[in-house]
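# Task: produce atomic coordinates for the following.
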Amino acid sequence: MMKEVYSADNLKDFKRLLYLRRGNEYLLKDDTSFKNMEWPLTLIHKTFANYPKLPHEFNCTPWGILNTALVCTECDLHSKQLGLNRIKKWLIKNKIKFEECIYYEDYEQFIFDFSIKLKDNSELLLNYNDTERCINFMSPNENTKELRTFCLDNEFNLFEIFHTDFDSIEIILDFNKKSYERRLSNLNG
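Residues are numbered from 1 along each chain as shown. Coordinates of the predicted model:
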């Protein structure tokens, strides 16, 4: 099944689609700025996950805001940090020792958010995949595909949580902890 592509020929259609796709989260700063789907324009970002620095402005194309998981750059960084903080709190609460921001000397292009040592001396690498890395498991960017291939080739255990699952981070970790519990060498509880 092909994904629906949203397109607007005029300002009225664009504003209608923007509201249908994003609710009242974004406003067009200047109605005269809409030219076509590829012409950059300025949006005002009004609301996002209790982020204190709103509203603020950012530039994008109408196509990008309607057809991708794009959020403004400032909020995307905030969203990633919120996800990482929730994972870190869960690891601490469950008394699991971990390291943050791990990379391997020969493969510095791959940075893993967390590393957990397992009893067999292997590692469980845990990544929180924000919109920069991929929209969801089925649509990773090239770097994410290379990272997954790297993990398979080097027999690393990679566990990914996606930004679309932000509200379920703890549930996902609780569920998957059961499958790794026997292999955790550093569970203190």
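# From residue 107, how far out is residue 37?
38 Å (C-beta to C-beta, to the nearest Å). Yep, even glycine has a C-beta here, placed from its N, CA and C like the rest.
# who's more crowded, the two?
Remark: of residue 37 and residue 107, residue 37 carries more neighbours, 17 against 12, as counted by other C-beta atoms under 10 Å.
# residues contacting that one?
7, 8, 61, 62, 63, 66 (C-beta atoms under 8 Å, 6 or more residues apart in numbering).
# Please read off the pLDDT at the third one from the model.
Put plainly, it is residue 61. Reading off the confidence values, residue 61 has pLDDT 85.
# neighbours of it, just the number please.
16.
# for the first one, same thing?
Residue 7: 14 surrounding residues under other C-beta under 10 Å.
# the residue most distant from the middle of the chain, which is it?
In terms of distance from the mean C-alpha position of the chain, residue 32 ranks first, at 32.3 Å (C-alpha atoms, centre = their mean).
# Describe which strands the longest strand that the chain contains pairs with in its sheet and in which direction.
The longest strand of the chain (DSSP state E) is strand 107-117. Here strand 107-117 is paired, per DSSP bridges, with strand 99-104 (antiparallel), strand 123-129 (antiparallel).
# Show me the protein divided up by domain.
The record's domain split for the chain, according to automatic domain parsing, is 11-68, 75-183.
# Next one: residue 78, what pLDDT does it get?
60.
# swap that for residue 134, sorry
42.
# repeat for residue 140
Confidence score, pLDDT, at residue 140: 52.
# residue ranges of the helices in the chain, please?
Taking DSSP state H as the test, the helices found in the chain are 11-22, 62-67, 73-93, 142-153, 169-180.
# need the least confident one among the domains of the chain, by mean pLDDT.
Minimum mean pLDDT among these: domain 75-183, a mean of 76.
# Just put the helices of the chain in CSV and tack on mean neighbour count.
Formatted as CSV, the helices of the chain follow (neighbours: other C-beta atoms under 10 Å):
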stretch, mean neighbour count
helix 11-22, 15
helix 62-67, 20
helix 73-93, 16
helix 142-153, 14
helix 169-180, 14
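# could those helices go into a markdown table alongside distance to residue 101?
As requested, those are exported to a markdown table (distance: least, C-beta to C-beta, whole Å):
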| stretch | distance to residue 101 |
| --- | --- |
| helix 11-22 | 32 |
| helix 62-67 | 29 |
| helix 73-93 | 10 |
| helix 142-153 | 14 |
| helix 169-180 | 18 |
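# Thanks a lot, see you next time.
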